[in-house]
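> Fold the following.
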Amino acid sequence: LFIKKYYECVSKEEGLLHCNDANEAVSALKNGSGALLSVEGCGCIDSLDELKELYRAGVRFVGLTWNYNNIIGCGAPVSGTGDDTGLTEYGKEFVRECERLGIVIDVSHASDKTVDDVLMITKRPVIASHSNGANMDRYGGDGCDECPFTTCSVGHVNWWWVIHCWCCIPGDVCESISQS
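Sure, this is the predicted structure:
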């Protein structure tokens, strides 16, 4: 139902195109704007067959968790605790299948160990589409402060670390970042 609604919305919006790959995204941006279908919190995807079905339906990136543990891995709130076990065995298979299919992994809302596990498995870039480092967010962040450096050490050159300053206290870290 939601995927059907997504395509209905995209088709009604003049100049907006659904993108299945990087070439389509570049073309869409040159000619208007593009949309990528995603899933945030993959705990409801019980099998790799379901993941393949979502790919056939147009899903091109996935957020593995959403602030809680699921069948894929641990969510951000358990970071730094003894409860952070990272990706499950199924989660590791899931990440490998995403890579094989060409689905981009989004580690926003994932725990530190889950992010580390993803980076050790993946060969392609991953994204953190809407995360803050813990020291940048008055609510504790949902990303680890060291993660961008970790990505460099395992060879992930194309890391997207998106900083949303709306959650920072005015005059704090965000102000100094915008000035640098």
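> mind listing the helices for this protein?
Per DSSP state H, the chain carries helices over the ranges 2-12, 22-31, 48-56, 89-101, 112-121, 147-153, 173-179.
> Which among these is found nearest to Trp66?
Distance to Trp66, taken as C-beta to C-beta, is lowest for helix 112-121 among these, at 11.9 Å. (Each C-beta comes from the backbone N, C-alpha and C, glycine too.)
> That closest one - contacts with which helices or strands?
helix 89-101, helix 147-153 (3 or more C-beta pairs under 8 Å, 6 or more residues apart in numbering; DSSP states H and E).
> mind listing what's buried in the longest one?
Neighbour-count burial for helix 89-101, counted by 16 or more other C-beta atoms under 10 Å, picks out 90-95, 98-99.
> ok, the closest residue in space to Leu101 that isn't next to it in sequence - how many residues close by?
Counting by C-beta to C-beta, 6 or more residues apart in numbering, Leu101 lies nearest to Tyr55, which is 4.8 Å off, once chain neighbours are set aside. Tyr55: 19 surrounding residues under other C-beta atoms under 10 Å.
> Over to Ser79?
21.
> now swap in Thr65 and tell me
For Thr65, the count of nearby residues is 29 (other C-beta under 10 Å).
> wait, isn't it in contact with Pro77?
No. Contact between Thr65 and Pro77 fails when scored by C-beta atoms under 8 Å: they sit 9.9 Å apart.
> list the residues that contact both of the two?
Jointly contacting Thr65 and Pro77 under the rule C-beta atoms under 8 Å, 6 or more residues apart in numbering are Ser111.
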